[in-house]
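# Have a look; sequence and predicted model below, questions after that.
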Amino acid sequence: MELTLTDVPVPGELLTAHVEPLIRVLRPALDADGFARFAAEAAGQGLVFTAALDPAGRCLGVAAHRVLATSRGRVLFVDDLVTSPAARSTGVGARLLAALAERGRAAGCVRIELDSGVQNHGAHRFYHARRMAVAAFHFTLDLHPERP
């Protein structure tokens, strides 16, 4: 499948029209205003949205990522990696992940890291097929338990 990978400006029309709907597939509790606030704040923290566009300009996948300095070394952290439901198993996610690996190497990163929800078995199969390992548990503590 022919794809063009492009970094998406924040704010911008491509972000709102194409990236936001895909991120919201992955994060359905995020409404339009919440996405706009998240994108603006996260971009200020170094988050980059990379979109995979088909020849017609349709966004088939998105990777939201940033380089982090950690005690484990420099890592390319993937906040979100999502493929359009209609384009799954067509190579879009693999192409995005390969591009992220290239970026990480160029940025001096020692690895790619990401979190995946424990219920997302399809994503787990995808990551395992690309030789990614389960290296840690990610624990959370809700600081506002009264909020849904």
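Cool, the structure landed.

# how much space between the most centrally placed residue in the chain and residue 39?
The chain has residue 80 as the residue nearest its centroid, 2.4 Å off, counting by C-alpha atoms, centre = their mean. For residue 80, the distance to residue 39 (C-beta to C-beta, to the nearest Å) stands at 11 Å. Backbone N, C-alpha and C define where each C-beta goes, glycine included.

# My read is that residue 40 contacts residue 11, right?
Yes: between residue 40 and residue 11 there is a contact at 6.8 Å, judged by C-beta atoms under 8 Å.

# Export stretch 84-99 to PDB, keeping only CA atoms.
Provided in PDB are the C-alpha atoms of stretch 84-99 (Å, rounded to 0.1, in the frame of the first residue of the first chain):
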ATOM      1  CA  SER A  84      -8.400   3.200  10.900                       C
ATOM      2  CA  PRO A  85     -10.600   0.200  11.500                       C
ATOM      3  CA  ALA A  86     -11.100  -0.100   7.700                       C
ATOM      4  CA  ALA A  87      -7.400  -0.200   7.100                       C
ATOM      5  CA  ARG A  88      -6.300  -2.700   9.800                       C
ATOM      6  CA  SER A  89      -4.000  -5.600   8.700                       C
ATOM      7  CA  THR A  90      -3.000  -3.700   5.500                       C
ATOM      8  CA  GLY A  91       0.500  -2.700   6.700                       C
ATOM      9  CA  VAL A  92      -0.300   0.900   7.900                       C
ATOM     10  CA  GLY A  93       0.600   0.200  11.600                       C
ATOM     11  CA  ALA A  94       3.700  -1.700  10.600                       C
ATOM     12  CA  ARG A  95       4.800   1.200   8.300                       C
ATOM     13  CA  LEU A  96       4.300   3.700  11.100                       C
ATOM     14  CA  LEU A  97       6.200   1.600  13.600                       C
ATOM     15  CA  ALA A  98       9.100   1.200  11.200                       C
ATOM     16  CA  ALA A  99       9.200   4.900  10.700                       C
END
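
# where does this protein have low pLDDT?
116, 118, 120-124, 126-129, 132, 147-148 (pLDDT under 70).

# now the helices: where do they sit in it?
Ranges of helices in the chain, per DSSP state H, are 13-14, 20-26, 32-44, 92-106, 121-129.

# ok, residues contacting the second one?
Spelled out, that is helix 20-26. With C-beta atoms under 8 Å, 6 or more residues apart in numbering as the contact definition, helix 20-26 has outside contacts at 30, 32, 35, 39, 59, 61-62, 64, 80, 82-85.
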